[in-house]
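Undergrad: turn this into a structure:
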Amino acid sequence: MIIGAVADIHGNFDALACALGRHPEVPLWICVGDLASRTGEYPEPEKPLHWIKGNNEDFDRIAEWQSGAPQPRLHLCGHHHRFSETVREGVRSVCIDRINRSCLLIDAGTMEYRKIDQ
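TA: Numbering: from 1, shown residues only. Model prediction:
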């Protein structure tokens with residue numbers, strides 16, 4: 001299964017709809033932060049979209065990883081408003097562009113991804 005990933009929508013729901021519409025084969029999407037508009041509105045997308053509150057880290061989860069819990073295979077983030085790839089503590093870390101620039105399609109089995117420029 002392929003999973004779509006977007007970030008930093010900041011209320012640009014037209015760009016979100018366009019990204020989802022260009023990839024009808026993707027059944028599920030995630031947004032790694034900053035989904036709402038400045039007025040607090042949220043989209044009503046045609047496909048399932050799961051999202052994470054922007055600009056927060058889950059420090060409890062980081063503590064679990066350090067205590068020997070299963071290690072993540074891919075870390076996704078937004079907030080930087082540009083695409084970047086790094087490795088942190090052995091885990092691939094990908095910062096996703098703003099929604100009007102690109103999105104990711106992720107293979108749920110392998111965690112390999114493909115960047116799609118908008």
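
Undergrad: could I get the full set of strands for the protein?
TA: 2-6, 28-31, 49-51, 74-77, 84-88, 91-95, 102-107, 113-117 (DSSP state E).

Undergrad: looking at the ones you listed, which is buried most?
TA: Per residue and on average, the most neighbours among the strands of the chain fall to strand 2-6, with a mean of 22 (mean count of other CB atoms under 10 Å). Quick note: C-beta positions are derived from backbone N, CA and C, even for glycine.

Undergrad: export that one as CSV, just CAs?
TA: C-alpha atoms of strand 2-6 as CSV (Å, rounded to 0.1, in the frame of the first residue of the first chain):
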residue,chain,number,x,y,z
ILE,A,2,1.2,3.5,-0.8
ILE,A,3,0.6,6.3,1.8
GLY,A,4,0.7,10.0,0.8
ALA,A,5,2.4,12.5,3.1
VAL,A,6,2.1,16.3,3.1
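
Undergrad: pairing partners for it, with directions?
TA: When sheet partners are counted by DSSP bridges, strand 2-6 sits next to strand 28-31 (parallel), strand 102-107 (antiparallel).

Undergrad: returning to that earlier point: turn the strands of the chain into CSV, including mean pLDDT and distance to Gly21.
TA: Output for the strands of the chain, formatted as CSV (pLDDT from 0 to 100; distance: least, CB to CB, whole Å):
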stretch, mean pLDDT, distance to Gly21
strand 2-6, 93, 11
strand 28-31, 91, 11
strand 49-51, 82, 13
strand 74-77, 80, 22
strand 84-88, 82, 26
strand 91-95, 84, 23
strand 102-107, 90, 12
strand 113-117, 90, 13
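
Undergrad: of the ones you listed, which is nearest Asn12?
TA: strand 2-6 (10.1 Å; CB to CB).

Undergrad: tell me where the longest helix sits in this structure.
TA: helix 13-22 (DSSP state H).

Undergrad: how about that helix: buried residues?
TA: For helix 13-22, the neighbour count (16 or more other CB atoms under 10 Å) marks 13, 15-17, 19-20 as buried.
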